[in-house]
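**Q** sequence first, then the predicted structure, then my questions.
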Amino acid sequence: MATRIRPSSKRCAVIGGSGFLGRYLVEQLVDRGYSVSVFDIRQGYEIPGVTFHQGDLCDKQALLAALQGVSLVFHCASPAPSCDDRSLFHRVNVDGTQTVLKACQEAGVQKMVLTSSASVVYEGTDIKDGKEDLPYAKKPIDYYTETKIQQERLVLEACDTEKGFLTVAIRPHGIFGPRDPQLVPILVDTARRGKMKFIIGDGKNLVDFTFVENVVHGHILAAERLRPESPLCGKAYHITNDEPVYFWDFMSQVLVGLGYDPPKYRLPYQLVYVLAMVLWLLVLFLRPVLQLRPTFTPMRVALAGTHHFYSCARAKQDMGYQPLVSLKDGIARTVESYAHLRKAA
Ligand SMILES: NC(=O)C1=CN([C@@H]2O[C@H](COP(=O)(O)OP(=O)(O)OC[C@H]3O[C@@H](n4cnc5c(N)ncnc54)[C@H](O)[C@@H]3O)[C@@H](O)[C@H]2O)C=CC1
Ligand SMILES: CC(C)=CCC[C@@H](C)[C@H]1CC[C@H]2C3=C(CC[C@]12C)[C@@]1(C)CCC(=O)C[C@@H]1CC3
C-alpha cells in the first residue's frame, strides 16, 4: 500500500488552476504563503514553487497523485458555459465532481471550496437582491447551469463534520478582469461585427459584475473560516462586487474605454427574446447538416435584459467579506489590460 503523506494546513490544490479565476487564486495563495499544486487538463503558465499536474478530473488516480499531503482543495474547473455540450458538462461537472469528492476523502483532504455560480437560482426572469435561500432553478437556462446545480448539491451534501471533511460553495456572478477569456473578448467581437448597436429592453436592468480579485478574496476567506464549528459548513455564499450596475452601462463603459461606440437604439426585450428563440430552434433543426453559433441565444438575451443581482449579506456576516476592488477601479484595470483589443484609430 502506498504511504500517505500527512496533510499540512498550508498545502492546497487548485483544480482548474490553469483557468481565468484559477490562476488568480493560485497567485494570491502563493503570495499568502501557501504551497500550491495545480490540477488541470492544460498547463497555461508557470510560477516558481507551484507544481502542475496535468490530468482530467474524472481520473481518480491522477487526482490522488496531485492531492498527496494536501489539506485544502479549491475546485474551480468546468467546461466553458459557451461550449453547449450536454454530455461534457455532465461528465465533468457532475460525474467528475463525484470523483473529486472521492479522491479528496481517500487522500485525507480536510476542506473543499467549490466555485459554484449565482446562476444556480436564475431561470431567465428577474432576481433582485437574491439571497442564498432562493430555490435552485427548476428550469435552468442551459446545461451549464443544470450541471452547476447538481455539482453544488453534491459538494454541500458531502460536508461531514464527524468525518472531518468540510465543504463550502462560493457563488460568484459575472466575473471580469484582466486575462478574462469570455466577457471582454465576446463584447469586442460583437462590436467589431457591428452588432453592438442595440440596447435590449429599457436599459435599466441591474446586474452584478464581480472583479476577479474580489472573487478570489471570497474563496480564501471561506477556506480560512471553514471550521467544524463555523456556520460555513455545507453552505453556499454569494460573492459579488456588491454594486449592482445597469447591464448596458457596464457594457458601454467597457466599449467606450476601448474606443468603440456604445449601443444607443432600443429594442423591446420580448421581441428580441422571441427572435432568439426562433433562431435557436432553427440552429437545433439544422445541426445535423450545419454547425452555427449565433451571438443572440435566448440565454444571452435573458442575461442582457433582466435584473440579476444578489445579496452578499451572508458572506459579510459569516466570513467578514467586503469587496477589495470597486467596480470603477475594476473596469479601469480591465480596460487598460485589453490594449490589444482597442479599436484601431
Ligand atoms: N467566469 C464567470 O463569470 C463565472 C465563472 N464561474 C465558475 O468559476 C469557475 C472558473 O471559471 P473560469 O475561470 O471563468 O473558467 P475557465 O474556463 O477559465 O477555467 C476553467 C478551468 O477548468 C479546466 N478544466 C475543464 N475541464 C476539466 C477537466 N475535465 N479536468 C481538469 N480541468 C478541467 C480548464 O482547462 C480551465 O483551465 C467555473 O467553475 C465556473 O463555473 C461561476 C460564475 C461566473
Ligand atoms: C453578469 C453575467 C452573468 C455576465 C456573464 C458574461 C456573459 C454571459 C456576457 C458577457 C458579454 C455579454 C454579451 C451579451 C450577452 C451576455 C454576455 C455574453 C450579448 C450577446 C447580449 C446581446 C447583445 O446585444 C450583444 C451582447 C454582447 C455581450
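**A** Received it, and whenever you're ready, just let me know what you need. Just so it is clear, the model here is predicted, and its values are computed rather than measured. Residues are numbered from 1 along each chain as shown. Ligands and ions are numbered 1, 2, ... in the order given.
**Q** which intervals of the stretch 101-250 of the chain have sub-threshold pLDDT?
**A** Judged by pLDDT under 70, the stretch 101-250 of the chain has no weakly predicted residues.
**Q** up against ligand 1, what does it have?
**A** Neighbours of ligand 1 within the stretch 101-250 of the chain, by Cβ under 6 Å from any ligand atom: Thr115, Ser117, Lys148, Pro172, His173, Gly174, Ile175, Pro181, Gln182. Any C-beta I mention is one placed from the backbone N, CA and C, and that applies to glycine too.
**Q** just the buried ones from those?
**A** Among those, those classed as buried by 16 or more other Cβ atoms under 10 Å are Thr115, Ser117, Lys148, Pro172, His173, Gly174, Ile175.
**Q** of those residues, closest to ligand 2?
**A** Gly174 (2.8 Å; Cβ to the nearest ligand atom).
**Q** so what's the closest one up against?
**A** Contacts for Gly174 (Cβ atoms under 8 Å, 6 or more residues apart in numbering) come out as Leu183, Val207, Asp208, Phe209, Thr210, Thr240.
**Q** how many neighbours does the third one have?
**A** Counted with other Cβ atoms under 10 Å, the burial measure for Asp208 works out to 27 neighbours.
**Q** which residues in the stretch 1-150 of the chain form strands?
**A** In the stretch 1-150 of the chain, the segments counted as strands under DSSP state E, counting those that start in this stretch are 8-15, 35-40, 51-54, 70-75, 111-115, 127-130.
**Q** can you tell if the third one touches ligand 1?
**A** So that's strand 51-54. No: using Cβ under 6 Å from any ligand atom, strand 51-54 stays clear of ligand 1, with a minimum separation of 8.6 Å.
**Q** with the fourth one instead?
**A** No: where contact is defined by Cβ under 6 Å from any ligand atom, no part of strand 70-75 touches ligand 1; the two come within 7.7 Å at best.
**Q** quick thing: my sequence starts at 322, can you match it?
**A** With 322 as the first residue, the last one maps to strand 391-396.
**Q** output the contacting helices and strands for that strand.
**A** Packed against strand 391-396 by the contact rule (3 or more Cβ pairs under 8 Å, 6 or more residues apart in numbering; DSSP states H and E) you find strand 329-336, helix 418-428, strand 432-436, helix 533-546.
**Q** and what of the fifth one?
**A** Helices and strands touching strand 432-436, as assessed by 3+ Cβ pairs under 8 Å, 6+ apart, comprise strand 391-396, helix 418-428, helix 464-478, strand 487-493, helix 533-546.
**Q** ok, the first one: who's next to it in the sheet?
**A** Within its sheet, strand 391-396 is paired with strand 329-336 (parallel), strand 432-436 (parallel), according to DSSP bridges.
**Q** tell me which of those sits nearest to Val476.
**A** Set against Val476 and scored by Cβ to Cβ, the strands paired with strand 391-396 come closest in strand 432-436, at 4.4 Å.
**Q** about what we covered before: just name the most buried of the strands paired with strand 391-396.
**A** Among the strands paired with strand 391-396, strand 432-436 has the highest mean neighbour count (mean count of other Cβ atoms under 10 Å), at a mean of 27.
**Q** contacting residues around that strand?
**A** By Cβ under 8 Å, 6+ apart, the list of residues contacting strand 432-436 reads 337, 342, 392-397, 399, 418, 421-422, 425, 472-473, 476, 479, 486-491, 493, 540, 543-544, 547.
**Q** the nearest residue to Ala458 once chain neighbours are set aside: how many residues sit nearby?
**A** Leaving aside its sequence neighbours, Ala458 sits nearest to Glu444 (Cβ to Cβ, 6 or more residues apart in numbering; 4.6 Å). Residues within reach of Glu444, counting by other Cβ under 10 Å, total 17.
**Q** Glu444 reaches Pro456, doesn't it?
**A** No: applying Cβ atoms under 8 Å as the test, Glu444 and Pro456 come out as separate, 9.9 Å apart.
**Q** show me the helices in the stretch 522-666 of the chain, by range?
**A** Secondary structure of the stretch 522-666 of the chain, counting by DSSP state H, counting those that start in this stretch: helices at 533-546, 568-578, 590-607, 619-626, 634-640, 648-658.
**Q** identify each buried residue in the first one, please.
**A** Spelled out, that is helix 533-546. Quick answer for helix 533-546 (16+ other Cβ under 10 Å): 533-544, 546.
**Q** do the same with stretch 524-533
**A** Gly524, Asn526, Leu527, Val528, Asp529, Phe530, Thr531, Phe532, Val533.
**Q** dump those residues to a markdown table, plus distance to ligand 2.
**A** Converted to a markdown table, the buried residues of stretch 524-533 look like this (distance: Cβ to the nearest ligand atom, whole Å):
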| residue | distance to ligand 2 |
| --- | --- |
| Gly524 | 11 |
| Asn526 | 10 |
| Leu527 | 10 |
| Val528 | 5 |
| Asp529 | 6 |
| Phe530 | 6 |
| Thr531 | 8 |
| Phe532 | 12 |
| Val533 | 13 |
